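Chemist: I'll drop the sequence and a predicted model, then ask my questions.
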Amino acid sequence: MHITLRQIEVFTEVLKSGSTTQASQVLSLSQSAVSAALADLENQLGVQLFDRVGKRLVLNEHGRLLYPRAIALLEQTSEIEQLFKEDNGAIRIYASSTIGNYMLPGMIASYRRDFPTLPLELSVGNSQDVINAVVDFRVDLGLIEGPCHVPELISEPWLEDDLVVFAAPDAAILQSPITLESLAEAPWILRERGSGTREIVDFLLLKHLPAFQLGMELGNSEAIKHAVRHGMGISCLSRRVIEDLLEAGTLVALDIPLPPLARTLYRIRHRQKHLSKAINRFLSYCSE
């Protein structure tokens, strides 16, 4: 059986109009096309849906059985068309931890004010987790803290971010001018390997300190900044992560003998992934 939406539409319009002639005018079809569609539907169902009374078509018990289901089907079809016309599908975003924990909340709040009911799914992990999810099509878009070199993915610059080397106000390193040697001798508390922050810190900073002292690796920026606050070592994180503690004076930024540390944040997607209107609409809120 191959019932079509056109046949269902013809059936409901004939019912409303009472004749194939009037239904053909409403549907912008020829009368013969309307009659043929109705006949095909009745043939497939194996019943007559109307009693033929002269030139009039009168709904019978079979037609009455079909009518509410036909109306429901057409309404659902209309809902589907409207759904995709407005492009209101759920957006799945995966962000690395600095972006997901410190940048996106404000952006999402702004988005939610204008689109309070549109579904949005956000996951947070390290950059490698994000890359893996995008490669596997588990999410629509990834936001990471460093460049991505996976050939299946498109990596586009998104925002700029400043990194800060910081310590507790009473840290020993602050007792004398800061040099590359004193930086190398201080215990460093760093993000785990695989995170975007660690990759960029290794590239921009630690390559100048070949003999640096690794105190510990932590998988959470919150843990790192509080470990530093309690005098366990020094670290380097996004200014966005420690800005509140810098302003409060419980952490201090170090004036290091190196150029300013800055990085580009990236958005990534699979090469075979289409950026829908919904995704582009969300991205318009994800700016400084």
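Modeler: Good, I have the coordinates.
Chemist: Figure out the helix or strand that Ala95 lives in.
Modeler: Assigned by DSSP states H and E, Ala95 belongs to strand 91-96.
Chemist: Skip ahead from that strand and say which helix or strand is next.
Modeler: Per DSSP H and E, the first helix or strand lying C-terminal to strand 91-96 is helix 97-98.
Chemist: Following the chain past that following helix, name the next helix or strand.
Modeler: The helix or strand immediately downstream of helix 97-98 is helix 104-114, counting by DSSP H and E.
Chemist: how about the strands in the stretch 1-150 of the chain?
Modeler: Counting by DSSP state E, counting those that start in this stretch, the segments of the stretch 1-150 of the chain that form strands are 50-53, 56-59, 91-96, 120-125, 141-144.
Chemist: same deal with the stretch 151-288 of the chain?
Modeler: According to DSSP E, counting those that start in this stretch, the strands that the stretch 151-288 of the chain contains are 153-167, 187-191, 213-218, 235-238, 252-253, 262-270.
Chemist: ok, back up a step: mean confidence (pLDDT) on the strand holding Ala95, please.
Modeler: Mean per-residue pLDDT for strand 91-96: 93.
Chemist: swap in stretch 181-199?
Modeler: Per-region confidence: stretch 181-199 scores 88 on mean pLDDT.
Chemist: That one: which residues count as buried?
Modeler: By 16 or more other CB atoms under 10 Å, the buried positions in stretch 181-199 come out as 182-183, 186-191, 195-199. C-beta here means a position set from N, CA and C on the backbone, and glycine is covered the same way.
Chemist: what about it, start to end distance?
Modeler: End-to-end distance of stretch 181-199 (CA to CA, to the nearest Å): 22 Å.
Chemist: Tell me how this protein divides into domains.
Modeler: 5-86, 91-157+265-283, 160-263 (automatic domain parsing).
Chemist: residue boundaries of the helices in the stretch 1-150 of the chain?
Modeler: 5-17, 20-27, 31-45, 61-86, 97-98, 104-114, 127-135 (DSSP state H, counting those that start in this stretch).
Chemist: which one of those lies closest to Glu222?
Modeler: Comparing the helices of the stretch 1-150 of the chain by their distance to Glu222 (CB to CB), the top pick is helix 97-98, with 9.1 Å.
Chemist: low-scoring stretches of this structure, by residue?
Modeler: Residue ranges of the chain with pLDDT under 70: 1, 83-88, 288.
Chemist: Centre-most residue in it?
Modeler: Nearest residue to the geometric centre of the chain (CA atoms, centre = their mean): Ile93, 2.7 Å.
Chemist: what pairs with it across the strands?
Modeler: Leu122, Leu141 (DSSP bridges).
Chemist: can you check Val164 too?
Modeler: With DSSP bridges applied, Val164 shows beta-bridge pairing to Leu237.
Chemist: That one against Arg240, yeah?
Modeler: No: with contact defined as CB atoms under 8 Å, Val164 does not reach Arg240; the gap is 9.6 Å.
Chemist: Those two: which is more packed in?
Modeler: Val164 (21 against 17; other CB atoms under 10 Å).
Chemist: circling back: could you look over the strands of the stretch 1-150 of the chain and pick the most buried one?
Modeler: Comparing the strands of the stretch 1-150 of the chain by mean neighbour count (mean count of other CB atoms under 10 Å), strand 141-144 ranks first with a mean of 26.
Chemist: quick one: contacts of stretch 207-223?
Modeler: Residues outside stretch 207-223 that contact it (CB atoms under 8 Å, 6 or more residues apart in numbering): 97-98, 101-102, 126, 180, 183-193, 195, 197-198, 206, 224, 227, 232-233, 237-238, 241, 258.
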